[in-house]
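Participant: After the sequence you'll find the predicted model.
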Amino acid sequence: MNCKEKYNEWLSFADSDTKAELLTVSGNEREIEDRFYKELAFGTGGLRGIMGAGTNRMNKYTVGKATLGLADYLKSKFSGEIKIAVAYDSRNNSAFFAETAADIFANCGFKVFLYEMLVPVPALSFTTSYLGCNAGVMITASHNPKEYNGYKVYDDKGCQLCTDDAENAIGYINRITDFSKIPFGNENRSNITMLGEETLGAFIDAVKTQSLYNKKSDLKVVYTPLHGTGNIPVRRVISEFNVTVVKEQEMPDGNFSTVRSPNPEEEDALTLAIEKAAETDADLVLGTDPDCDRVGIAVKDKNGEYVLFTGNQTGALLVQFVLEMKKNTLNKKSTLVKTIVTSELGANIGRKYGLNVDETLTGFKYIGDKINQYEASGEKEFVIGYEESYGYLVGTHARDKDAVVSSMLICQMAAWHKAHGKTLIDALNDIYSEYGYYLDSLDSFVLKGKDGAEKINSLMSYFRENGLSLFTNLKEIIDCSKGIGDLPRENVIKYIWNDESWIAVRPSGTEPKIKVYYSIKSQNRESAEIKLAEIKKVIGNIINR
């Protein structure tokens, strides 16, 4: 069917609210095309899209289709009673989508564990394994703008579905073509068990087992949950410090009304927190995203100004701190895991401490899958994993990035350095002195709709076909679409220079963007900035032509 036929089909079966929304775009061919030109697909972060009516939107029906397809997939994989955990974040419609999914699973005969309040992503990851579930579902769109929501699926270990499992689940989801067959309704609520403080408390207890430095400290912290799920769990694990919460951003708000974007990767996301830190003379600023799997920080420098850290910088500092605290328990199996678009700085620190370093594709699910592999084989032991996009994990209580445990360890790390007369800025400069200067950057080019998707494909082809002519002094070009080692195939191109600098280009798996990652190694910041500017000029000319 073409877009208009799909539009008319939806008008024939949809509920009154959905029909009313669709009728508002009647005659708007471009809007109808954008809503129906494709189905939402699983990317690096699962199902994710703008909320609204249509096959290319997050709504009751696309959530219902994904849920029924997932239920069919789980029935094909497991016999006997099937158990599934469901949770949600602070976004608009998250609770509704979670209840919709829970009801459908219950109507399919599953035993469902549904959180009665919003919780972080890592809590759902933990809960899935903790309660012995076959799978888990988290309703979240992470750090995306307020118009988005999403649907993440976890395996029985609490790891997001990776390539083979995701493809198999998608196969079952795609078989659902008759929306009238989706078992909406709450007639089997007896199959649903509500979860609350007891299970969340077990997660927090598991996080606390990763504590590494507990000496009394006068460290002053300003924390913002950015209207999300981190408020309660993060404050519990950093309560030993002098913590001030940004009141304007403390409570859940699906409109994220105080920020342009609730993403700690964005410079302005921590503006209010930095203002509060200046008022209180805080040492450290922490900000977690709505589903509390990412954390960004800012640190006061010697002039009293607050300096924002990149994900790579925080990751390198965490690697050094964790390994220094654990150095007497490390062994030949101890392993650090990073993604292919994460700086080599943390990896080089890990190597100095004798760790194995494994690399995965972009997406923390691949790091979680490494933990699963290590536990199955016994050949390696997971110590720390991280990615440049502000996601970190220490411990195996979760199989996804965890801003709760990360916030705790970042505060302890800052306190440990403060006890030695240093700030995290000082500590980072010490690392640069030993390992060389690394300058990291990320450009995201938004290309919306069908035309945007086509341009992204065209750009990836261009970079793939013209790489050697774009830059000089290249050591190699890695095309992950051809398969690299034991990594799954993925649409990523990485250019590596002789001095270990690199860039990587990939389409976003969750947003209409093409992303360019830069990691420049040099003797100092000035020379790194010159090289970065030259490379960015080439990239910008290609994308904006």
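Facilitator: In hand now; what should we look at?
Participant: For the rest of this, base every contact and every neighbour count on C-alpha atoms.
Facilitator: OK.
Participant: quick one: the helices in the stretch 151-300 of the chain?
Facilitator: 163-174, 197-208, 231-237, 271-280 (DSSP state H, counting those that start in this stretch).
Participant: typed the wrong thing, it's the stretch 301-450 of the chain
Facilitator: 311-326, 344-352, 364-377, 403-419, 424-435, 449-470.
Participant: Mean pLDDT, distance to Val245 and mean neighbour count added to the helices of the stretch 151-300 of the chain, as CSV?
Facilitator: Compiled in CSV, the helices of the stretch 151-300 of the chain are given as follows (pLDDT from 0 to 100; distance: least, CA to CA, whole Å; neighbours: other CA atoms under 10 Å):
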stretch, mean pLDDT, distance to Val245, mean neighbour count
helix 163-174, 88, 38, 16
helix 197-208, 98, 19, 17
helix 231-237, 98, 9, 20
helix 271-280, 98, 8, 19
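Participant: Just put those in CSV and tack on distance to Glu33.
Facilitator: Listed next are those as CSV, based on distance: least, CA to CA, whole Å:
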stretch, distance to Glu33
helix 163-174, 20
helix 197-208, 42
helix 231-237, 39
helix 271-280, 38
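Participant: Of the ones you listed, which is nearest Thr342?
Facilitator: Thr342 lies closest, by CA to CA, to one member of the helices of the stretch 151-300 of the chain: helix 163-174, at 20.5 Å.
Participant: ok now the closest one, how far from the chain's centre?
Facilitator: Chain-centre distance of helix 163-174: 20 Å, with CA atoms, centre = their mean, to the nearest Å.
Participant: by how many degrees do it and helix 364-377 diverge?
Facilitator: 120 degrees (axes from the mean of the first three to the mean of the last three CA atoms, to 10 degrees).
Participant: Dump helix 163-174 to PDB, keeping only the CA atoms.
Facilitator: What follows is helix 163-174 as a C-alpha-only set of coordinates in PDB (Å, rounded to 0.1, in the frame of the first residue of the first chain):
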ATOM      1  CA  THR A 163      21.500  -8.300  16.300                       C
ATOM      2  CA  ASP A 164      20.100 -11.800  15.900                       C
ATOM      3  CA  ASP A 165      17.500 -11.600  18.700                       C
ATOM      4  CA  ALA A 166      16.400  -8.200  17.500                       C
ATOM      5  CA  GLU A 167      16.100  -9.400  13.900                       C
ATOM      6  CA  ASN A 168      14.100 -12.400  15.000                       C
ATOM      7  CA  ALA A 169      11.800 -10.300  17.200                       C
ATOM      8  CA  ILE A 170      11.300  -7.800  14.300                       C
ATOM      9  CA  GLY A 171      10.300 -10.700  12.100                       C
ATOM     10  CA  TYR A 172       7.500 -11.600  14.400                       C
ATOM     11  CA  ILE A 173       6.500  -7.900  14.800                       C
ATOM     12  CA  ASN A 174       6.300  -7.500  11.000                       C
END
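Participant: Who are the packing partners of that helix?
Facilitator: Helix 163-174 sits against helix 60-77, with contacts defined as 3 or more CA pairs under 8 Å, 6 or more residues apart in numbering; DSSP states H and E.
Participant: Name every strand pairing with the next helix-or-strand element following the helix it packs on and say which way it goes.
Facilitator: Following helix 60-77 in sequence order, the next helix or strand is strand 83-88 (DSSP states H and E). Partners of strand 83-88 in the sheet, by DSSP bridges, are strand 111-115 (parallel), strand 135-139 (parallel).
Participant: How about Val237, nearest residue that isn't a chain neighbour?
Facilitator: Met408 (5.8 Å; CA to CA, 6 or more residues apart in numbering).
Participant: The one you found and Lys455: what is the separation?
Facilitator: 42 Å (CA to CA, to the nearest Å).
Participant: These two: which has the busier surroundings?
Facilitator: Neighbour count, other CA atoms under 10 Å: between Met408 and Lys455, Met408 has more, with 24 against 16.
Participant: Buried residues, stretch 442-459. List them.
Facilitator: Within stretch 442-459, the residues that qualify as buried are Leu442, Ser444, Phe445, Leu447, Gly449, Lys450, Ala453, Lys455, Ile456, Leu459, counting by 16 or more other CA atoms under 10 Å.
Participant: contact partners of it?
Facilitator: Glu33, Asp34, Tyr37, Pro507, Pro512, Lys513, Ile514, Lys515, Val516, Tyr517, Tyr518, Ile543 (CA atoms under 8 Å, 6 or more residues apart in numbering).
Participant: residues contacting the residue nearest to Val237?
Facilitator: Met408 is in contact with Ser211, Val234, Val237, Ile238, counting by CA under 8 Å, 6+ apart.
Participant: do the same with Asn348
Facilitator: Contacts of Asn348 by CA under 8 Å, 6+ apart are Tyr435.
Participant: what are the ranges of the strands in the stretch 151-300 of the chain?
Facilitator: Secondary structure of the stretch 151-300 of the chain (DSSP state E, counting those that start in this stretch): strands at 192-195, 220-224, 242-245, 284-288, 295-300.
Participant: Show me what the longest one is packed against.
Facilitator: It stands for strand 295-300. strand 284-288, strand 306-308, helix 403-419.
Participant: Run me through the strand neighbours of it, direction for each.
Facilitator: Short version: by DSSP bridges, strand 295-300 pairs with strand 284-288 (antiparallel), strand 306-308 (antiparallel).
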